Each structure stands twice: as structure tokens, then as C-alpha cells.
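> Got a sequence here, can you model it:
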Amino acid sequence: MSTRERIAKFVAFYSFKGGVGRSMALINTAGILVGRGFRVLVIDLDLEAPGLSYLNPSEPDAPAKPNGPDSRSGFVDLLFDAKQHGQNADLFTRSVEQLEAGYTQPYVVPDDLLEWRDGSLRIMPAGKLDGQYVQRLDELNLHGLYEGGLGEPLIRAFKKRFAEAGRYDFVLVDSRTGFSDEAGICTRDLADHLMILSGLNHQNIQGTCQFLRSLRLATDGRKTFQIILSPVPNGEDALVDQREETAKSAFEGAWEASVGPFLQIPYHPQLALTEVPHIFRRRRGYLFEAYRMLERQMLRMLGHDVPTFWRKIMKALEQRDYHAVLLDLRHLIRLDQGMEELTRFVHTIEFSWFRFGQTSRFGSQGITSPHAVPPLKDIIADEQGRDLFQFVVDHVRTTTIEIARFSRQLERIAPDLAERLFKRLAETEPANADLLGNYALFLSQRGEIDRAERYFNRAIEADPNDANHLGNYGQVLAGASRLPEAEEMLLAAWRQSRPNQIRLLAELYFSLWLVSRLRGQEAGCWEAGFKFLVQRVFKRGRWILLDRMLQQADGVLPPEELEYARALARAFQDAA
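Predicted coordinates for the structure are as follows:
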């Protein structure tokens, strides 16, 4: 049983001075996260000059209206209620769903931005922007709450409710500038990580240095952060390089440690002219790439990157903590190249050391013992392991060789999951003859001949010259006693087969011999061809459709000829 649940990470966006694009950096970063399928809550804690609170949740191009239908209670109202009512306040008595409904609002993200449809963005405004907002803010008196010893416990209770709600993956906080109480709350008490924006002029650099000194003293230098230079003008490369060196030296002196490398947001005139997040309008170009770099670096700083997730997943597999594996896979697949990593996960399970005893193959993947990766059958036998592989079946990419092999493993271990995977394969790759043919073969093994026929026909329509699918369909028809149709399909497969397909040709010769004998026809040519091929070298093993054809022969062929057919089948399956 896993003890590790997903806790939302709080990231504060801070700047010593305004005008550096802090709020826009936050909302654009949030939009990219949502596009990946993450659930994001944005909190506007710039309480004296709310900015994000004025974003219209349903019409990004239009500002929200104070006292209008889109004006909703927010942070100030929630804490003001807690100050007034103590343990009977909404913060402590209402469910997170109720808090979300009463103190946040959904923000519409354009559909074409959503790579994953399950992403969501909600905004908790600074407060209800009515005539009493300033009065409630004054009466809340955060400075007084902290002096009285109530502020920090209240803020930590607030963070705990939303971090452990299970409804968000990330909480992004827009901090007040300067040395205000709100800035201290955001950067010291709420933030797990900081995104610090600074201009390159003297005031910004010196102010950010003062902030870094204060942060180092307040957190013993343990707080992680990323510095973003913004806005950086184009066409002033030499001056920008000079100012960046000045800033780097000053910041490292203030923090008493290395603080690089910096990220940059280039200057763009539209940033001063609209509240609409840039990425909602344009998803290419230098500004979009800058915001995407912010988001990627933030994820890396939080340990939300492929190498970190992979190590955690392999460690959890070793400990048989399948719930933890599932939690991490849900995040991993949303990262760049994340879907390739899910295929890699399937590949790791399929070719684990348990099966091959190879101690070098996965040594770089974080596995620490020779039998660390449990076999698929053991994982699926566990209830949480079954949930894990249901997730894998529902999300793994369908166009890889590994998945074709994986589906065949599932047939033997978990037929219902195999059916789920095959159905998804057929829906996502409707013209892939191999996938359709494999699904048809699977259905025929389960006795669902009518459904199997439909998929065999689709496979043959997608590739009329594939001898394998034609041959399998013919054998299924023979097993269903539809002998004339079976003979027609087997002959079509024989005509399309190639000389180097020895195993397939042996199957076809035997099947045509058996069908001919069941119809009372001469079959010497097919018998001779089979005997010639069965003496050659080819990969022996299980012949999936053989037993059903032999069952149809029982009672039709004379006993001695039936025994002869079984002897020929044994010769096919075992060269000895």
C-alpha cells in the first residue's frame, strides 16, 4: 500500500518592483501547464493592486467587472471569515469542493491549447472586488495577525487544505512586490519554489538583492528559486550582456551562493496592451518559447522531469508500490517525450531481469537488485497493479512493436485488459491491418466469431495482400465448419505468401489438406507440400488456431485419418 499521495506544489512569482511582467509570466506558465493536462490553481495575492483578479474567466479579451456576475469572493474573504469565526470558519468546516466553488472561478483555456483535455485552470481572486474590499483587507490586517502569532498557523492551514485537496497539481501564487507582508507570506510561508523576476536596471537589481538577503536569513538559504530577467530588450546585446553580468555578481553576493543560469523574457509591446495570456493568442515565436522555458525550468526545479520520475517509478516497482507508480506515471506522460517513456515502461516490464536474468540491461534505470522488476502476471494479480495497467492500456501509444508484443502477453494474463487494449488500438489505428488482424485473432480465440469476422474483413480491406491475415481468417472459418469459404480464403493466402515464409506456408499446406479431406476431396499435393516444409528449419511453437480445426475434424474424418492429422500437427509443433 502506497503512503505517498500527490501533494500540490506551491510556486510563488515575485518581483521587487512592478512592470516586469510577473503576472503575465505566471498566467502564461499556468496556461502551458494546463495544456499538458495538469490541474492548476492560481491565487492572486497582490492584495493591494490585484491584477489577475480582473481577468475575465469566460472572455479573456474582456476585463472582469467589479460587482458583476464574474466577481467572486477570494483570498481576503476566506481569511477574513477565518479571523471572524475561528474553527467554525469556511476554511475549516467546508469541503475543498465547497471552498473551490465559493472562492475560486474557472478560467477558460482555448481548446487548441489543450494537448490533454483533463487540464483545468481556476483562479482565486484577491477578494470580491466590491465597495467593501479595501475595508475587509484593512480589517484582516495580516501584519497584525502575524504579530499576534495567528498569521503563520492560518496561512499554513490554508496551504494544507489546498495542497492536500487532490484537486490540483500546482498552485501558482502572484505575490505582492517589495517587502510587504503579502510578499513575505508568499515567498516564505506558501512557496515551495520561487520564480523571481527582475529588470536589469539599477533599482531592480538592488531591490532584488535586498530581497535575496532577507530570504536567505528567513529560510537559512534553503529556499529554491529561479531568477528571470524581464523585460529584456532586443537589439542591445552588448549592453544586456554587461547588465546581466552585473546582476549575476550582485545576486550571488546577496545570496552568498551561485544563482545562475538566468532565464529571460524578451520585451514585447503587446504585454503592456492586453490582459490576454500571450500563449492563448500565439503558440510560436520568441515570446512563446520564453514562457515555455519558464514552465520547463519550473518543473525541473520541482523534480517534475523525466529522469527524476523514472528513478522514482523504478524504486516503487522494486518495492511493489504500484499506487505510487501510477501517481508518477500520470505526471510523467504529460511531460515532453512523456508518452515515449510510457512505452519504455512497458518495454521494461516485458523484458525485466526476472525473465532474462540480465543484470546490465536496466542498471541505468534505477533498479537496485537482480529481480527488481516483477513479472507482469504478478503485478496484475495485485489490485493496485491491475489499476496501474488499466491506466497503461488506456494511455500507451499504439503504434509501436512493443505494444503489439504487450497485447499478446495480456491475452494470456488478463484477457479483459487485452480486449480493452485491442479495442483502443482498433479505434485509434482504423487502417492498421496488423492491429485489426491481431484483434480479430484474439476475438476468434474467445469464440466471438461474428466480431472476429468483422475485424478480419477490415484488416483485409486495409491490406488485401497480407497472407497472414488471409490465412488466419481461413483457419477461423475452417474451425467454424465453413469449409468452402475457408478454402477460398486459404487459397488466397497461399497465392499471396512468399517463399521465405516457411512457417506460414506450412500452416497453409496443412490447413488446405485438412479442409480438402473434410470436404472429401483429394489433397495429395497439399500433404506433400506440408511434409516437405515440415522437415525444414523454422521457428516451432504454439499454433493458435490448430486445435479448433482438429476439433472440427473429430467425427468427420475416419479415426485413423484423424490420428494421422494429429501426428502431422505434432510434427509441425515439435521438430523432434
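
> Which positions in stretch 283-290 come out as buried?
Neighbour counts using 16 or more other CB atoms under 10 Å place 283, 287-288, 290 of stretch 283-290 among the buried residues. Placement of C-beta: from N, CA and C, glycine included.

> On the three-state scheme, L197 is what?
strand (DSSP: H, G, I helix; E, B strand; the rest coil).

> Distance of the closest residue to it other than its chain neighbours relative to G127?
The shortest distance from L197 to any non-neighbouring residue, by CB to CB, 6 or more residues apart in numbering, is to S15 (4.2 Å). According to CB to CB, to the nearest Å, S15 stands 21 Å off from G127.

> same deal with L78?
Counting by CB to CB, the gap from L78 to G127 is 8 Å.

> For the two, indicate the residue with more neighbours.
G127 (27 against 21; other CB atoms under 10 Å).

> and the more buried one, which of the three is it?
Per three-state DSSP, G127 ends up coil.

> next one: the one 3 residues further on
When classified by three-state DSSP, D130 comes out as coil.

> Same check on A49?
coil.

> That one: neighbour count?
So A49, with other CB under 10 Å, has 12 neighbours.

> And it, its phi and psi?
phi -140, psi 70 (degrees, to the nearest 10).

> Could you pull up the residues touching it?
Contact analysis of A49 by CB atoms under 8 Å, 6 or more residues apart in numbering lists 18, 176.

> Now with 7 Å, please.
A49 is in contact with no residue at all, counting by CB atoms under 7 Å, 6 or more residues apart in numbering.

> low-scoring stretches of the stretch 351-500 of the chain, by residue?
351-372, 398-402, 404 (pLDDT under 70).

> can you give me the helices in it?
For the stretch 351-500 of the chain, applying DSSP state H, counting those that start in this stretch gives helices covering 353-356, 376-381, 383-395, 401-413, 415-428, 433-445, 449-462, 467-479, 483-496.

> do you know which of the ones you listed lies nearest G178?
Proximity to G178, assessed across these by CB to CB, is greatest for helix 383-395 (45.3 Å).

> what's next to the closest one, contact-wise?
By CB under 7 Å, 6+ apart, helix 383-395 touches 322-323, 325-326, 329, 333, 342, 346, 379-380, 417, 420-421, 424.

> buried ones in that helix?
384-386, 388-393.

> OK, contacts around the closest residue to F422 other than its chain neighbours?
Among residues not flanking F422 along the chain, Y439 sits closest, at 4.1 Å (CB to CB, 6+ apart). Residues in contact with Y439 (CB under 7 Å, 6+ apart) are 422, 425-426, 455.

> would a markdown table of the buried residues of helix 383-395 with distance to Q297 be doable?
Listed next are the buried residues of helix 383-395 as a markdown table, based on distance: CB to CB, whole Å:
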| residue | distance to Q297 |
| --- | --- |
| Q384 | 33 |
| G385 | 34 |
| R386 | 37 |
| L388 | 30 |
| F389 | 33 |
| Q390 | 33 |
| F391 | 28 |
| V392 | 29 |
| V393 | 33 |
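
> and of the residues you listed, the nearest to V134?
F391 (48.6 Å).

> mind checking how far Q551 is from A567?
For Q551, the distance to A567 - CB to CB - is 16 Å.

> And P307, by the same measure?
57 Å.

> before we move on, what about D321?
51 Å.

> more crowded one of those two?
Comparing D321 with A567 by other CB under 10 Å, the one with more neighbours is D321, at 20 against 10.

> tell me the mean pLDDT for the helix or strand E295 falls within?
E295 belongs to helix 286-301 when assigned by DSSP states H and E. Averaging pLDDT along helix 286-301 gives 94.

> Please apply the same query to stretch 545-552.
93.

> one step back: next up, phi/psi of the residue nearest to L197, please.
Residue torsions, per degrees, to the nearest 10, at S15 are phi -150, psi 140.

> and it, what pLDDT?
95.

> Number of residues surrounding V515?
Residue neighbour count, defined by other CB under 10 Å, stands at 28 for V515.

> Please renumber the chain so that the first residue is 30 from this point on.
Noted, 30 is the first residue going forward, which turns the last one into V544.

> next one: the helix or strand hosting it to chain centre, how far?
Element membership of V544, judged by DSSP H and E, is helix 531-547. Between the centre of helix 531-547 and the centre of its host chain there is 47 Å, according to CA atoms, centre = their mean, to the nearest Å.

> Please work out which residues outside that helix touch it.
496-497, 500, 503-504, 507, 512, 515-516, 519, 522-523, 526, 551-552, 555-556, 558-559, 562-563, 565, 567-568, 572, 578, 581-582, 585-586, 590, 594, 597, 601.

> Check these for burial and list the buried ones.
Judged by 16+ other CB under 10 Å, buried ones among the contacts of helix 531-547: 496-497, 500, 503-504, 507, 512, 515-516, 519, 522-523, 526, 552, 555-556, 558-559, 562-563, 567, 572, 578, 581-582, 586, 594, 597, 601.

> Assumed V71 was part of a helix.
No. Counting by three-state DSSP, V71 is not part of a helix but strand.

> burial measure for it, as a count.
25.

> That one contacts L201, correct?
Yes. V71 lies in contact with L201 (CB atoms under 7 Å); the separation is 5.0 Å.

> what do those two both touch?
55, 59.

> re the thing from before, just want the angle from the helix holding V544 to helix 512-525.
150 degrees (axes from the mean of the first three to the mean of the last three CA atoms, to 10 degrees).

> And the next helix or strand past helix 531-547?
Immediately after helix 531-547, counting by DSSP H and E, sits helix 553-563.

> how distant is that following helix from the center of its chain?
52 Å.

> what about the strands in the stretch 30-179 of the chain?
Counting by DSSP state E, counting those that start in this stretch, the stretch 30-179 of the chain has strands at residues 38-44, 68-73, 134-135, 149-153.

> Determine the set of other helices and strands touching the helix or strand hosting I257.
Applying DSSP H and E as the criterion places I257 in strand 254-261. Packed against strand 254-261, as judged by 3 or more CB pairs under 7 Å, 6 or more residues apart in numbering; DSSP states H and E, are the following elements: strand 222-227, helix 266-284, strand 292-295, helix 315-330.

> Present those as TSV; the columns should include distance to G160.
Output for the helices and strands packed on strand 254-261, formatted as TSV (distance: least, CB to CB, whole Å):
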stretch	distance to G160
strand 222-227	32
helix 266-284	42
strand 292-295	36
helix 315-330	36
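
> looking at those, which is buried most?
With neighbours taken as mean count of other CB atoms under 10 Å, the helices and strands packed on strand 254-261 reach their highest mean count in strand 222-227, at a mean of 25.

> what angle sits between that strand and helix 266-284?
Using the same axes, to 10 degrees: strand 222-227 against helix 266-284 is 130 degrees.

> and the strand holding I257, what's its mean pLDDT?
95.

> Extract the CA atoms of that strand and return them as PDB.
Output of strand 254-261 as PDB, limited to C-alpha atoms (Å, rounded to 0.1, in the frame of the first residue of the first chain):
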ATOM      1  CA  PHE A 254      14.300  29.800  -6.800                       C
ATOM      2  CA  GLN A 255      14.800  30.700 -10.400                       C
ATOM      3  CA  ILE A 256      15.700  34.200 -11.500                       C
ATOM      4  CA  ILE A 257      14.100  35.500 -14.700                       C
ATOM      5  CA  LEU A 258      15.300  38.700 -16.300                       C
ATOM      6  CA  SER A 259      12.400  40.700 -17.700                       C
ATOM      7  CA  PRO A 260      11.800  42.500 -19.900                       C
ATOM      8  CA  VAL A 261      15.000  42.100 -21.900                       C
END
